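> Sequence and predicted structure are below.
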Amino acid sequence: MAAPGKFDPNNAQNLVEIEKQFAVKAVEHAQTYWNILEKVSPRELKLTKIDDEIFEHTITDFPELKEDNYAKLTVLDEEWMKSKDGKERWRKFIETYEKKVKDYNFGSLIRTDAREEYGERNTIFVTRIQFYAFEIARNRLGLNDAAHEIAKKEAEKERQKAEREKAKKSS
């Protein structure tokens with residue numbers, strides 16, 4: 001959403017409330033994705049209609065992601081992404097999807113380490129298309145397999161806990 005040319009912060013709507021709404025959407029998106037990782041093998045997961053294009057574009061425009069057995073895909077390097085060069089390269093990449101991917105520039109939460117679950121120390125904020133770029137690559141390359149197993153185990157623990165609580169109430 002572009003800001004109007006003559007933006008007057010004194011007459012602006014409650015921007016804090018708008019930011020909270022965006023944060024809530026980002027958290028909901030992360031929770032939904034984690035729930036999907038629990039239920040679907042990442043290698044079989046399709047996140048968009050153009051996953052193939054996004055994957056090829058990501059690997060072509062960012063060949064360093066392939067280095068060291070995909071180290072920069074397994075553990076995201078936020079400093080690299082936010083460097084002057086990184087920002088410019090990502091800006092060009094992101095703009096490509098303006099008319100191709102809905103909400104391409106919305107904020108999303110992503111796990112910095114693909115082998116772990118979402119958490120305060122394992123989460124950064126990226127655009128939606130960056131989320132897709134990283135997660136499509138992680139899924140295709142098997143880098144999210146460990147997260148899939150963690151999500152399944154967590155879900156099983158939650159089911160067992162719910163069953164125990166249900167059994168306590170009925171006795």
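That came through fine.
> where do the helices sit along this protein?
Per DSSP state H, the chain has helices spanning 15-39, 51-61, 67-74, 78-82, 84-95, 128-140, 145-170. These are given in chain order.
> Okay, buried residues for the shortest one please.
To tie it back to what came earlier, the one meant is helix 78-82. Using 16 or more other C-beta atoms under 10 Å as the burial criterion, the residues of helix 78-82 that qualify are Met81. To be clear about C-beta, it is placed using only N, CA and C from the backbone, and glycine gets the same treatment.
> In terms of secondary structure, what does that helix contact?
Using 3 or more C-beta pairs under 8 Å, 6 or more residues apart in numbering; DSSP states H and E, the elements in contact with helix 78-82 are helix 84-95.
> what does the helix it packs on contact?
By C-beta atoms under 8 Å, 6 or more residues apart in numbering, the residues outside helix 84-95 that reach it are His57, Thr58, Asp61, Phe62, Trp80, Met81, Tyr104, Asn105, Thr127, Ile129, Gln130, Ala133.
> Can you lay out those residues as a markdown table showing distance to Ser171?
Rendered in a markdown table, the data for these read as follows (distance: C-beta to C-beta, whole Å):
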| residue | distance to Ser171 |
| --- | --- |
| His57 | 57 |
| Thr58 | 54 |
| Asp61 | 60 |
| Phe62 | 57 |
| Trp80 | 56 |
| Met81 | 53 |
| Tyr104 | 52 |
| Asn105 | 53 |
| Thr127 | 51 |
| Ile129 | 52 |
| Gln130 | 50 |
| Ala133 | 51 |
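> Buried ones only from those, please, as a ChimeraX command.
What follows is the ChimeraX syntax for the buried subset of the contacts of helix 84-95, where burial is set by 16+ other C-beta under 10 Å:
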select :57,58,62,81,104,127,129,130,133
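> Tell me which two of the contacts of helix 84-95 sit farthest apart.
By the measure C-beta to C-beta, the contacts of helix 84-95 have their two most distant members at Trp80 and Tyr104, which lie 21.1 Å apart.
> Just name the shakiest helix or strand of this structure by mean pLDDT.
Using mean pLDDT, DSSP states H and E, helix 15-39 stands out as the lowest-scoring helix or strand of the chain, at a mean of 87.
> just the angle between that one and helix 145-170, please?
Using axes from the mean of the first three to the mean of the last three C-alpha atoms, to 10 degrees, the inter-axis angle of helix 15-39 relative to helix 145-170 is 90 degrees.
> Can you give me the buried ones in helix 15-39?
With burial defined by 16+ other C-beta under 10 Å, the residues of helix 15-39 counted as buried are Ala26, His29, Ala30, Tyr33, Trp34, Leu37, Glu38.
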